[in-house]
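**Student:** Pasting a predicted model and its sequence here:
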Amino acid sequence: MENYTSFNFMLFENLGYIRYSLFVLGFVLYFAIIFFNVLIMLAVFLERTLHQPMYILISCLSMNSLFGTAGFFPRVLTDLLSETHSISREACFSQSFVIFTYVANEFSILMLMAFDRFAAICKPLRYHSIVRPRFLACLIVINLNCIMILLCVAALLTTKLRMCGNKLFKVYCHSYEVLKLSCDNILINNAFGLLLVIITTIIPLGLILLSYVKILIICQRSSAQFKGKAYQTCIPHIVILLNFTIAVTCDTTLSRVVNLQIPVGLSVFLSLEFLIIPPVLNPLIYAFNLPDIRKKMISLIKPLK
């Protein structure tokens, strides 16, 4: 029984000259992602007044966007210009690990953002004693380390599998699509994958929902001025959360529901939305909705003109 040592991305076949248009679009999009997210990070780092938990978490979100897209865009842009679209087993597992880590980190950071807003709005007098910089740093490190350990275990389980197929109907290495090519029993992998989803997605979403429900209850009992200020800081987080959750749900659904009759182009876009839209949309949402960040970003852009 053959054990393949490389995989082929089948969706790059027969693209013709459209591959050059897609390359230019992808290159421009990747440049925009790098530019806007680096700008957010510089704004928070250079402006002393932005050295607050909420803004630090926003910069963490930008850093995670750069991390996740670095695992996707360079490879897909190379494949668009290449005549061969194969990837080694090791590189495939590495790409899958980076993208899964990006997704898990995103939900973790959004959970910490919800906790920060909950403390600021529901416990305003105790906020600075609850969300201290050192405490926040510990939460970030603990969350990220737990995620990395769990994903390393999942990656180790996957690397031990024998592969009876090498055709991937994706434009990147998707962990579940790789598992489906295995000729070994993947019951343990599926069980651990379910545990991963619960820990990295379901639990954070539950805690986020609980935090925003409590915030909403407090806002309903408060003055119009208090509501306006609370909504100004919460709405960007909620928009980003909904956008990312819907995008990840689309990708998960497309991977697991085989008989969906939708055009290939739409299927590819929906499966890539979580890697394309949030990284470029998130910094723009914060720039438009948070005046402190917007002012610093404008001051950084002016010398470039």
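**Tutor:** Looks like it came in fine.
**Student:** ranges for the helices of the stretch 101-250 of the chain?
**Tutor:** Applying DSSP state H, counting those that start in this stretch to the stretch 101-250 of the chain gives helices spanning 127-130, 133-159, 175-179, 187-197, 203-220, 224-256.
**Student:** Single out the most deeply packed of these.
**Tutor:** Across the helices of the stretch 101-250 of the chain, the average number of neighbours (mean count of other CB atoms under 10 Å) peaks for helix 175-179, which reaches a mean of 19. (Glycine included, C-beta is placed from N, CA and C.)
**Student:** Show me what that helix is packed up against.
**Tutor:** On a contact count with 3 or more CB pairs under 8 Å, 6 or more residues apart in numbering; DSSP states H and E, helix 175-179 meets helix 89-122, helix 133-159, helix 187-197, helix 224-256.
**Student:** quick one: average pLDDT of the third one?
**Tutor:** This points to helix 187-197. Computed over helix 187-197, the mean pLDDT rounds to 88.
**Student:** Distance check, the nearest residue in space to K123 that is not next to it in sequence against L139.
**Tutor:** Nearest non-adjacent residue to K123, counting by CB to CB, 6 or more residues apart in numbering: I130, 6.1 Å away. I130 is 11 Å from L139, where distance means CB to CB, to the nearest Å.
**Student:** try Q225
**Tutor:** Taking CB to CB, one finds Q225 at 30 Å from L139.
**Student:** swap in L194?
**Tutor:** Note on L194: its distance to L139, by CB to CB, is 25 Å.
**Student:** go on, Y20?
**Tutor:** Going from Y20 to L139 by CB to CB gives 45 Å.
**Student:** Repeat that for P283.
**Tutor:** 23 Å.
**Student:** Let's check: the centremost residue of the protein is which one?
**Tutor:** In the chain, the centroid-proximal residue (CA atoms, centre = their mean) is V103; its distance is 4.0 Å.
**Student:** need the contact list for that residue.
**Tutor:** By CB atoms under 8 Å, 6 or more residues apart in numbering, the residues touching V103 are 68, 200-201, 248, 274.
**Student:** Show me the shaky parts of this protein.
**Tutor:** Residues of the chain meeting the criterion pLDDT under 70: 1-3, 257-261, 304-305.
**Student:** nearest spatial neighbour of A70, skipping sequence neighbours?
**Tutor:** Distances taken as CB to CB, 6+ apart place V98 nearest to A70, at 7.4 Å, with adjacent residues excluded.
**Student:** ok, the one you found touching T69?
**Tutor:** No. Taking contacts as CB atoms under 8 Å, V98 lies outside contact range of T69: 9.7 Å.
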